[in-house]
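Colleague: sequence first, predicted model second:
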Amino acid sequence: MKLLKSTSIAVLLLSATMPMQAFLINLFKPYDMMIHPYVDYATETIQAYATVECGVSKAKAWNADGEVSSPLSIWTIGQCPAQNQRGLQMLEGFGVDSPITQLLTKIDANNNGERGNLNIMANLHLDVAGTGAFRYFFLEQCAVSLYLPFYRYRLTDLCIKDLTPQEDPPTPQDYRTHTFLTDPAVFVPTVRELGCFEVTNWERTGLGDISLFFDWQRDFPQAKTFLKSVMVAARIGIVAPSGRHTDQDLIFAFPFGYDKSWAIPFGFTLETLFAEYAYVGFDIELTQIFGQSGRERVHTAHDQTDLVLLGKGNVYRDPGIEQQYSIYAGLKNLPRGLNMRAVYQYRKHSTDTLSAYDNCINSAIANESNEASSLLDSTLHMAILRMDYDFSVLMDNPCVAPQLELFARIPFNGKRAVGNTTIGFSLILDF
Amino acid sequence: MKRIFFVCILFSLFFSGQLSALVLVPGSPIDPATTLPVAINFFPVINDLADGVFISARATGAQEYAVAGYQRSSQKFVPYAEQSVLLNGETVTNPLYNAEVDLVAFATNQPSAFFAVPNKNSPILYYRSGFGALSNAPNITDANGNPASSVAAMVGTSGGVYMAVTPQGSTNFGDPGSGIILVATISNALQMLSTISLNASNIAFTLNTNPVTMMNGVSLAWSIPLNLVYCAGAHITSGAVPTDRVSLVARGFSTSITPILYPTFDVSSLVTGTNYGILATGASVTGAIAFEQLLETSTRQVLLVTCGRILNGGEMPIDVQNQVYAFPLNRETDPASGLVVSNTSGFLAKKGSNDAALTASDLYTITDAPVQVGQGPLPTNAILNQLLVNGDCVYAIVNAVFPGVYMSRALFDTNGFVIGWTSWARIINTPNPVLAAALNTITGTWFMLTTTGGVANTIMRTVWQAGDALTGVANSLIRLTGPAPQSITALNGYDYRTPGLGDISLLVCVERNQVILAQTGFTIPGTPPFYEQLPDFAYGTPIVATNTVLSTPVGSNPLVQITGGIFDDMEPLTTATIAHSDTIAESWLVVGGEYGAAIWAMQNGDGWGNAFGDNLSALPEGLVMQSLGNYTDVRTVYADAPYLYIATSSQVDRIDLTNGIANAPVVTIAKTGGNLGTANNVITDILFCKELGLISTTVGLYRIASGSSARAADPLWVFQKLPESEFPIKTITGYGLNGIANSLDQGGDCWILSGTARNNRSIINRLAISPFAGTIADNTVTPFACDSFVNQKPSFFLDFGIYQDSVVSDGAQYFFARSVESLIPTMIRTPNIRNPLAQPRSTNRFVGVQSLPMQPLLPLDSPSDINALLQEPATGAWYIATSTGLIVQG
């Protein structure tokens, strides 16, 4: 019922979006051409639809080495068990009279590669995501589209493992590190007290970024034996920052969109139809994300890990460009009204840069790009399978042509990325 | 018992690995067992520009090694007297090849260039440039322009060499015609720039009275900061008239036209019978100076250091050849450029001032502490073979009575003027002859000339050793603390200066769950006490105090291992000290850990009595660790007899042991959140000496307030500003007149190490401690005013330029280290602060080494933690306790 309600709201709002953070997550992207409902620009006037998808299992993740990891370990390099949080470095870089510095002095220990390290693990679940969309077609080749997505994610089973050596007896440095910092029973309240940062399970529900697109699409019939037509499409849109943004005080609470940034996606599609039924094509979509200023968690010292940062500062984030490349093949109207498609999709989010405009921040350190930095580029490889059926083929001159689309998105590789395997459907009404 | 140890020492001469930390420095391949096949002349390179030492052959037969220099990269001597050489532009047989070479000197700004005189009695001067070409000087002439008979002494300068020459027909410097000649290198050719008459009638020695009598030669020394040469007579006697005067040292100016000058003052004010060290008035007053050196301290004070002085009545020259004095010289700088003005500098300085002394009352006498290096003579009959200076230290190389290298360190007042010297410490202790020595502070390497088969043909050097290569006490500590990683958590060295130690020197090694007492040496007769090391074979199976209970007699066993018992509840252990009460003549070992503090005492509270004898046998059976108070997170236990201070991260308690440990009054004298800042503030280190107390914290340094006392019922604390410091503070180290902090009440210095990894910076601030008694005054603790970047603006002393969390220094050598931090490897480093080419960002090249090259001494790949840097006080050996064991040099 909740799902239906969300869907209804989305449909009513006739909206759309797509997500992004410093890392890639395969957030449902409502204007993704690969899951767009089939439409005939020449005959359609209005199309309204709702799309809903659900995660079928906990999210997969790939770390900086491209190895499978916990979602919270995507910024680590290949270690097992992965240390994804350097506790002692986390305390560095604060004022001499700061309680954080006092704690570091009290511990009086160095990170020797093991001491102070933690492995924080959790499972990420996509409960539901979807969009409501409204499209208006004109001039037989053009359309304007409005999307508003929504999401519900959960972080569960969070557990913290102290990787500080626990010899018997311990070294004084190890003892103090464990006692005052990395003992899980101490770590959570400590970062809460010192950094107002919550390391806990969470559930987050909210809208994504609303987006408005202008689409152009045209078929060029080909009078050839095998090649029957070539479809060319282009689009440009604007994404408004209406989505739920990053919760700076909650672990791994990523945004449902471009995190308060405006963005301009633009894309190009080329599709060829062979022998009336089979088609192949490719799609390129680039998104220019505009920078935005805000108060973010930043590095305060060298070699800090990104999972838990205690310092905040005023920074200007200049996001890297986002690229998406898809190649696909499918069958159309075989049998009539049924379409199938298989897609390979590659996404890449290029390196972000931070510029501090806060005297309390060392811009070089805040912008530090070590191998495991969240600022560095991330990539995601994904397979998409979809099938849709146009029920209007069963109807005589319907005023509304209903369609049903089923799809699955299966991420299978990446770097500094998280992906949920999902299944979803769309209910489409063409007027 | 002491006799037993002397027997042990004799054995060690022949059988032990006592010299295992010394290795032969290879040279000529003719005899691989020695450095050269013939006897060696030894020439230390006193600045660190070169790698430490040059040698020359004292007889023919060394072939191309007739002159050789140590090369750090290959760790051997490389020959500089090749058989064939370009001499004055022509390829000829090298006149230095296979020759006897009497004198070698160095250009102070060219590491591989040198001057050489093969035969000082038939003087020909050769210059070998850094490129290997040879040139020779025109005839060496005396002050009368005749061929000089001999070269009495030679010293290098920045661009040439000064030579003290005797006149034609005489080998006695001082006879008419004697002089100082300056030979300079101009376009790699030698040119004699000036000849200055400097005989027994010269005003420089006579101070405008009748001629003096000079014999036994002279020595020359060159001051880099003053740009002046100093000439000291080996044996000078004033005229026979009671108003006659004598100066043992003359001062020279380095141009071709300016004559030799002399230390200046109102000569008429010299008081007969008063010994000013190098000046006197009276009939037939004699003085003897065997060696002289010029030292620029870390505070930029220039000192004329002499072995010998004006003799008191009845003294013979040999009586003062175990005495070293340091006379301050004035240093005039041009206000506009800040550069030293040589023609008004280099005179004897007024007491506690940079100004020239104007009257006799401005001068120190030989009984004044600022001029008494080592606080007095070396042991009787310990005649110096050589005098060496480096940093703030003076080294005496002795090969008689108790051979070795002795060191004394200058201590300063807030203006950087020497207030005294630490007592002599025997830092190189070897049964082999030590005929000469040299120190390279960049690598921490000592070079020593010793004998093989009775011939002084062997150079040994100290090396850093670890693991299986360690011997003696270091090997024992490794054996008893291994193989668990990071065993040693603290390592302290104690000697006679610590109450309760008596006649032994001792290492207290704290491991996570045990403490090891390891005797390193025992005193030998002498004032102050010097030590003999225990031979390697003395370290066998330790006495084990199981459950911390000493249940067997220790006897002469130098090792006691204390384990179990209360330690199991306190672990990991972090700190230890020796506490003492004069009142009841008792001494105790006190240990602190994360879960408490304990004292090793009998059930009745007794320790091992007033002091040890010459071994640990005073430890009574029945000693057991007993809990002290109820502490957690103990960072430091610190003893300042009769008080014991226990510092946790949040408070400092004082325990009065005057009447023993039973019902000892405990007072919390400092507490974060109380009199030490906010509750979050963290105590990092403490130092106490009688009324003085210093506590370092995250946010800065606290000291006992003026008018208060650390021993008061409720001491008052105030914040001590450290100019241009970094925080948090890591350590406090005190250097009193006896070399350690418990004599700071007589004056001394404190070094404060602070730093942050975030700023990648660590610095040292210096505090001058004025003598105090009974209470602390406003001026008791003051930052060094001479440590500054900007004139009149106090600053820090050293900036390492990188973050380092531990440092140890003896005043000449600086070793600093950082425990491994992520990908930054552990490294022991030495700042190259005395490199004359170093030009940091201020006019004071001793302040700030940020721009100077850091010399990685020991890239330590495997250990992750540096837990202690220590100079063992009795033997001078350097100990580095790491997470994988010990690294030792010496």
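Modeller: Looks like it came in fine. Residues are numbered from 1 along each chain as shown, chains lettered A, B, ... in the order given.
Colleague: for the residue of chain A found nearest chain B, the count of nearby residues, please.
Modeller: Among the residues of chain A, A:Asn112 lies closest to chain B, at 3.2 Å counting by CB to the nearest CB. (C-beta placed from N, C-alpha, C; glycine too.) When neighbours are counted by other CB atoms under 10 Å in any protein chain shown, A:Asn112 registers 24.
Colleague: is it true that it touches B:Thr882?
Modeller: No: A:Asn112 is not in contact with B:Thr882 according to CB atoms under 8 Å; the separation is 11.0 Å.
Colleague: common neighbours of these two, please.
Modeller: Common contact partners of A:Asn112 and B:Thr882 (CB atoms under 8 Å, 6 or more residues apart in numbering or on different chains): B:Asp865.
Colleague: where does B:Asn604 land in three-state SS?
Modeller: At B:Asn604 the chain is in coil, as set by DSSP: H, G, I helix; E, B strand; the rest coil.
Colleague: how near is it to B:Gly660?
Modeller: Distance of B:Asn604 to B:Gly660, given as CB to CB, to the nearest Å: 9 Å.
Colleague: if you count what's nearby, which of those two comes out ahead?
Modeller: A count of neighbours by other CB under 10 Å puts B:Gly660 above the other of B:Asn604 and B:Gly660, at 19 against 9.
Colleague: ok, the more buried one touching B:Ile599?
Modeller: No: contact criterion CB under 8 Å: B:Gly660 and B:Ile599 do not qualify, at 10.3 Å.
Colleague: helices of chain B, residue ranges please.
Modeller: Counting by DSSP state H, the segments of chain B that form helices are B:2-14, B:203-206, B:472-481, B:567-570.
Colleague: summarise which helices and strands the second one is packed against.
Modeller: Same thing as helix B:203-206. With contacts defined as 3 or more CB pairs under 8 Å, 6 or more residues apart in numbering or on different chains; DSSP states H and E, the packing partners of helix B:203-206 are strand B:228-237, strand B:245-247, strand B:249-253.
Colleague: run the chain-centre distance for the longest one.
Modeller: Meaning strand B:228-237. When distances are taken as CA atoms, centre = their mean, to the nearest Å, strand B:228-237 is centred 25 Å away from the chain's centroid.
Colleague: pLDDT of it, averaged?
Modeller: Mean pLDDT, computed over strand B:228-237, is 93.
Colleague: and it, what does it pack against?
Modeller: Where contact means 3+ CB pairs under 8 Å, 6+ apart, strand B:228-237 is packed against helix B:203-206, strand B:213-223, strand B:249-253, strand B:286-296.
Colleague: which residues does the residue lying closest to B:Ala641 once chain neighbours are set aside bridge with?
Modeller: Spatial nearest neighbour of B:Ala641, chain neighbours left out: B:His580 (4.1 Å); criterion: CB to CB, 6 or more residues apart in numbering or on different chains. With DSSP bridges as the criterion, B:His580 is bridged to B:Ser587.
Colleague: number of residues surrounding B:His580?
Modeller: B:His580 has 25 neighbours, counted by other CB under 10 Å.
Colleague: low-confidence ranges, the stretch 301-431 of chain A, go.
Modeller: For the stretch 301-431 of chain A, applying pLDDT under 70 flags the ranges A:369-372.
Colleague: show me where it has its strands.
Modeller: Secondary structure of the stretch 301-431 of chain A (DSSP state E, counting those that start in this stretch): strands at A:312-318, A:322-332, A:338-349, A:353-356, A:378-390, A:401-415, A:417-419, A:422-430.
Colleague: hang on, A:Leu104 is in a helix, isn't it?
Modeller: Yes: judged by three-state DSSP, A:Leu104 forms part of a helix.
Colleague: show the pLDDT at it.
Modeller: We have a pLDDT of 91 for A:Leu104.
Colleague: need the contact list for the closest residue in space to it that isn't next to it in sequence.
Modeller: Counting by CB to CB, 6+ apart, A:Leu91 is the residue found nearest to A:Leu104 once chain neighbours are left out, at 4.0 Å. Contacts for A:Leu91 (CB under 8 Å, 6+ apart) come out as A:Ile100, A:Thr101, A:Leu103, A:Leu104, A:Ile107, A:Leu181, A:Leu310.
Colleague: A:Met90 is in contact with the fourth one, correct?
Modeller: It refers to A:Leu104. No: if you go by CB under 8 Å, A:Leu104 and A:Met90 don't touch, sitting 9.1 Å apart.
Colleague: want to throw the helices and strands packed on strand B:228-237 into CSV with mean neighbour count, mean pLDDT and distance to B:Gly673?
Modeller: Converted to CSV, the helices and strands packed on strand B:228-237 look like this (neighbours: other CB atoms under 10 Å in any protein chain shown; pLDDT from 0 to 100; distance: least, CB to CB, whole Å):
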stretch, mean neighbour count, mean pLDDT, distance to B:Gly673
helix B:203-206, 22, 89, 66
strand B:213-223, 21, 92, 53
strand B:249-253, 24, 86, 59
strand B:286-296, 25, 94, 46
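Colleague: out of these, nearest to B:Glu872?
Modeller: strand B:286-296 (24.9 Å; CB to CB).
Colleague: between the closest one and strand B:213-223, how big is the angle?
Modeller: Going by axes from the mean of the first three to the mean of the last three CA atoms, to 10 degrees, strand B:286-296 is angled at 0 degrees with respect to strand B:213-223.
Colleague: assign a three-state SS to A:Pro37, would you?
Modeller: Assigned by three-state DSSP, the conformation of A:Pro37 is coil.
Colleague: how close does the closest residue to chain A within the stretch 501-650 of chain B sit to B:Leu363?
Modeller: Across the stretch 501-650 of chain B, the shortest distance to chain A (CB to the nearest CB) belongs to B:Glu571, at 3.9 Å. When distance is defined by CB to CB, B:Glu571 is 59 Å away from B:Leu363.
Colleague: could you do B:Ser809 as well?
Modeller: Counting by CB to CB - B:Ser809 and B:Leu363 are separated by 31 Å.
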